[in-house]
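[1] the sequence and its predicted three-dimensional model are supplied below.
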Amino acid sequence: AIRVRAEKGKRRQDFEFDAAFPPGTTQQDVFKEVEGLVRSCADGYNVCIFAYGQTGSGKTHTMEGPREDPGISVRALQTLFEMIAEDEQHSSVEASSGERRSIEVSMLEIYNEAVRDLLRLKGDVVSALDVSAMGPGQLAAGA
């Protein structure tokens, strides 16, 4: 946790984190911290991994990574499909019931209050996405 001392007339602020990584942390080390979320996803739960930080702080490197050392998103999808294949090998229920799985992935960038769909093909012409309140959560329309 980080505690920010209160200035005169202001309240002290406390910030809690699930994990903080020192310089030199590997992509594999970071993925190990979130790998449990992949299992939750394979079990049918919705999962969100949110990378936040200033420009140049390593969000893209951590989420995507280079081809030779993939980041969280690539490792998570690879692991998810491996888990599903393993579950299907050990489960006769799915095979007999005809149950199907559906996986949906969204990757968005929010920069200067503009939302961009990171999974669109580069040649696609897209206007900025609008963020609209929808019930208890938020929805990026068009994503």
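    Done, it's in.

[2] quick check: buried residues in stretch 26-36?
    Neighbour-count burial for stretch 26-36, counted by 16 or more other Cβ atoms under 10 Å, picks out 27, 30, 31, 34. No exception for glycine: its C-beta is placed from N, CA and C like everyone else's.

[3] kindly reformat the residues you listed as TSV containing pLDDT, secondary structure and distance to residue 71.
    Output for the buried residues of stretch 26-36, formatted as TSV (pLDDT from 0 to 100; DSSP: H, G, I helix; E, B strand; the rest coil; distance: Cβ to Cβ, whole Å):
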residue	pLDDT	secondary structure	distance to residue 71
27	95	helix	6
30	93	helix	8
31	96	helix	8
34	91	helix	11
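
[4] pick the one among those closest to residue 78.
    residue 31 (10.0 Å; Cβ to Cβ).

[5] what residues sit buried inside the longest helix seen in the chain?
    The residue-count maximum for a helix in the chain (DSSP state H) belongs to helix 72-90. Residues of helix 72-90 classed as buried by neighbour count (16+ other Cβ under 10 Å): 72, 73, 74, 75, 76, 79, 80, 83.
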